[in-house]
Structures are given as structure tokens and as C-alpha cells.
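Engineer: Build me a structure from this.
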Amino acid sequence: MGWGRVLKRLVDIVGSLLALPFVAVAYLVLGLAIKLNSRGPVVFRQTRVGKAGKEFTSYKFRSMVADAEAQLPKLRGRNEASGPVFKIKDDRG
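Structural biologist: The predicted structure is shown next:
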């Protein structure tokens, strides 16, 4: 292992440690905004299929209505995309 790689690793670790408090505060503010703006959980959890068909759980901040997956069957006719993507341009109503 050369000194360049050691230095890069050190910069990565120090940079991450310095950024962590700012990212944590941003996540807390975002989570609070989601909770105050709508009912339901702040974090959305979904099982997805990855490389070689292996399933994994994905977590993200919720950006849709709380029961979006339950509403999907009745909205399929309004889908404006093709393939695995589901999209309605004006989905506020």
C-alpha cells in the first residue's frame, strides 16, 4: 500500500467525521418536516431485487402518501411510463 492510498484513506475518514454532524442535523430536520407535514411513518421501507436476484431492504425518507403502495392497483390505468417505472405527471390529486 503506497503513501498516496494511505493519505487518501485518511482524508476520507477525517472528511466523513467532519461532515457527519451536518448530515445528522439535516436528516433530523428533514425527518421532522416530513412528520409535521403528513401522517404516517417518516421512513419508507421496501424490498427490492438486486444483483443476481438477491432481495434487500431499501430505506428512504417518505416522499409520497403513507399508503402509496396500497393505492397502486387502482391507479395503474393512469400510468404514463413504461416498464417497471410508474409515473403520473400530475399526481397531486
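
Engineer: Which residues does the helix or strand harbouring Ser58 contact?
Structural biologist: Secondary structure assignment for Ser58, by DSSP states H and E: strand 55-61. In this structure, residues lying in contact with strand 55-61 by CB atoms under 8 Å, 6 or more residues apart in numbering are 30-31, 34, 42-50. C-betas here are computed from N, CA, C, even on glycine.

Engineer: so where's the protein shaky on pLDDT?
Structural biologist: 1, 91-93 (pLDDT under 70).

Engineer: Could you list every helix and strand that the helix ranked longest in the chain packs against?
Structural biologist: Identified as the longest helix of the chain according to DSSP state H is helix 3-37. Here helix 3-37 touches strand 55-61, going by 3 or more CB pairs under 8 Å, 6 or more residues apart in numbering; DSSP states H and E.

Engineer: ok, now with 6 Å
Structural biologist: On a contact count with 3 or more CB pairs under 6 Å, 6 or more residues apart in numbering; DSSP states H and E, helix 3-37 meets no helix or strand.

Engineer: please begin residue numbering at 51 from this point
Structural biologist: All set: I'll call the first residue 51, so the last point we hit is now helix 53-87.

Engineer: and Phe136, backbone torsions?
Structural biologist: Phe136 adopts backbone torsions of phi -120, psi 120, taken as degrees, to the nearest 10.
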